[in-house]
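A.B. asks: predicted model and sequence below, questions to follow.
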Amino acid sequence: MPKRTPLYDVHVRSGARMVEFAGWDMPVQYEGLLAEHEAVRTRAGLFDVSHMGEVVFRGPKALEALNRAFTNDLGRVADGQAQYGCLCRDNGGIVDDVVVYRRSAEDLLVCVNAGNRQKDFDWLRDHSGGADVRNESDEWVQLALQGPRAAAILERLAKADLAALKTFRFVDGDVAGIRCTIARTGYTGESGFELFCRPDQGERLWGALLEAGKADGLTPAGLGARDTLRLEMAYRLYGSDMDDTTTPLEAGLAWVVKLDKPDFVGRDAILRQKAGGLPRKLVGFVLTDAGIARHGYDVTRDGQKVGTVTSGTKSPSLRTSIGLAYVPPALAAEGSTFAIDIRGRPAAARVVETPFYKRT
Amino acid sequence: MNFPEDLKYTRDHEWARVKGNRVTVGITDFAQDQLGDVVYVELPDVGDTVKKGEAFGVVESTKAVSDLFAPVSGKVVEVNDPLTDAPETVNEDPYEEGWMIVVEVANPAEQSDLLDAASYEKFVEEEQE
């Protein structure tokens, strides 16, 4: 039986189509994926992302301990700042990609992917390093308000200085009288916020935001639009574009691996791979032939399989067929060409610079 | 949900409009609603042959790929080429502008197991439960 977020009934009442995703019964769309995608790019969309999990590190050793389990460097961010990075195994394989919210050196919240709630908690507890590690995943509702109108909408409801809230900063404040953590983060490529509140306040927060955003054309948006929006930005999706068998270097996430900070789990393996060369690299491609590439399709050269598509869709904003794929490093440079096997038919593809979509 | 009386239906959610030995084929209102926004349609060429119950093309929404199954066997005599550039027509008007192919049938007796509108509507209701 799939799990439900505290907003499940709200979604069903508003006519959402529910699907199972990572063990959760989630809204994939309300009115329609393309309309929701466009709303986020041009106005604003509201997503229920309460399926995401939260693991908290507390105590005098919290910062040091979490930094040892995390590839980016939490020592370089200030309190009130968030940071993206990976949790890696000793062999460099990615346990998960996460955002860490540094409330203080003794209180850090790790936002983990829905499908990895238990795996991450178990793994982080095994690497607690003397910190108090708790799984608070069921104690938070998380809503994402995303789009060019998001700030104007939130300003009407929030008792917090949003103008001062720069990208990847967060602050505690009231939204429509509800105690929230307001973070300037997101997974769409648009300016926007992620709001954390207590589960019993979730429905009220959802309603207040939709009401306040009516005049701006704010619309509820489902996981379908969330996926096309993130893929246009070439944001990786755990479980599709990376997993325990891929390293951050292969996944193109070297920028969140700080090899010059104190030792962390996976560092030796990543250093070895960096010196020895990568077996494959994740690249962004566009199809120059008709069709749509999908997760799991083969990448071919001269009829031989050389790689695998990890994500693909028809980009609603660009109207081209885009995707991510693992290919040999020799085929990873911009302009490289290969074919995608679409149900037995080779469709030509070309490696392009990412993000695919650039905000104007 | 709309189930026109003058059409025949398959359990794979295609419709067939029979006029003499020419059968126009598309997907039903229910099918397009289930798929969501259609963004790509792949159809055979005029002159190809299709076989009842076998895939003759593909329709893709942003999220999913679905095969199109032929409700009858025969030769493809017309293809709705404008769908290539305007696949959203399948969502907007599945029974008229969103038609896909016209088949010249070899054996009209094959059509006996297609569903009428009432039976198809019942089938859809049962499938949703």
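C.D. replies: Yep, that arrived.

A.B. asks: okay, residue B:62: pLDDT?
C.D. replies: For residue B:62, the model assigns a pLDDT of 84.

A.B. asks: that one against residue A:312, yeah?
C.D. replies: No - using Cβ atoms under 8 Å, residue B:62 makes no contact with residue A:312, being 10.5 Å away. All C-beta atoms are positioned from the backbone trio N, CA, C, and that covers glycine.

A.B. asks: what does the stretch 251-360 of chain A have sitting close to chain B?
C.D. replies: With the criterion set to Cβ under 8 Å from any Cβ of the partner chain, the stretch 251-360 of chain A comes near chain B through A:290-292, A:294, A:313-314, A:316, A:343.

A.B. asks: determine which two of those are furthest apart.
C.D. replies: Put simply, by Cβ to Cβ the two of those set farthest apart are A:316 and A:343, 22.6 Å from each other.

A.B. asks: neighbour-wise, which of these two wins?
C.D. replies: Comparing residue A:316 with residue A:343 by other Cβ atoms under 10 Å in any protein chain shown, the one with more neighbours is residue A:316, at 22 against 13.

A.B. asks: OK, contacts around the more buried one?
C.D. replies: In this structure, residue A:316 makes contact with A:33-34, A:37-38, A:228, A:232, B:39, B:62, judged by Cβ atoms under 8 Å, 6 or more residues apart in numbering or on different chains.

A.B. asks: which of those fall in strands?
C.D. replies: Under the assignment DSSP state E, these contribute residue B:39 to strands.

A.B. asks: just the buried subset of the contacts of residue A:316, please.
C.D. replies: Buried members of those, scored by 16 or more other Cβ atoms under 10 Å in any protein chain shown, are A:33-34, A:37-38, A:228, A:232, B:39, B:62.

A.B. asks: from the residues you listed, which one has the minimum pLDDT?
C.D. replies: residue B:62 (84).

A.B. asks: how's chain A carved up into domains?
C.D. replies: Following automatic domain parsing, one gets these domains for chain A: A:8-49+A:140-232, A:53-136, A:280-352.

A.B. asks: work out the gap between the longest one and the centre of the chain.
C.D. replies: What it means is domain A:8-49+A:140-232. 14 Å (Cα atoms, centre = their mean, to the nearest Å).

A.B. asks: list the helices and strands the helix or strand of chain A with the lowest mean pLDDT packs on?
C.D. replies: Using mean pLDDT, DSSP states H and E, strand A:158-159 stands out as the lowest-scoring helix or strand of chain A, at a mean of 90. If you count contacts as 3 or more Cβ pairs under 8 Å, 6 or more residues apart in numbering or on different chains; DSSP states H and E, strand A:158-159 packs onto strand A:170-175.

A.B. asks: helices and strands around the helix or strand that the strand it packs on is followed by, which ones?
C.D. replies: Following strand A:170-175 in sequence order, the next helix or strand is strand A:178-183 (DSSP states H and E). Other elements packing on strand A:178-183 under the criterion 3+ Cβ pairs under 8 Å, 6+ apart are strand A:170-175, strand A:192-197, helix A:202-212.

A.B. asks: of all these, which one is nearest chain B?
C.D. replies: For chain B, the closest of the helices and strands packed on strand A:178-183 is strand A:192-197, at 21.0 Å, according to Cβ to the nearest Cβ.

A.B. asks: what pairs with the closest one, parallel or antiparallel?
C.D. replies: Sheet pairing of strand A:192-197 (DSSP bridges) gives strand A:141-146 (antiparallel), strand A:178-183 (antiparallel).

A.B. asks: fine by me, we can end here.
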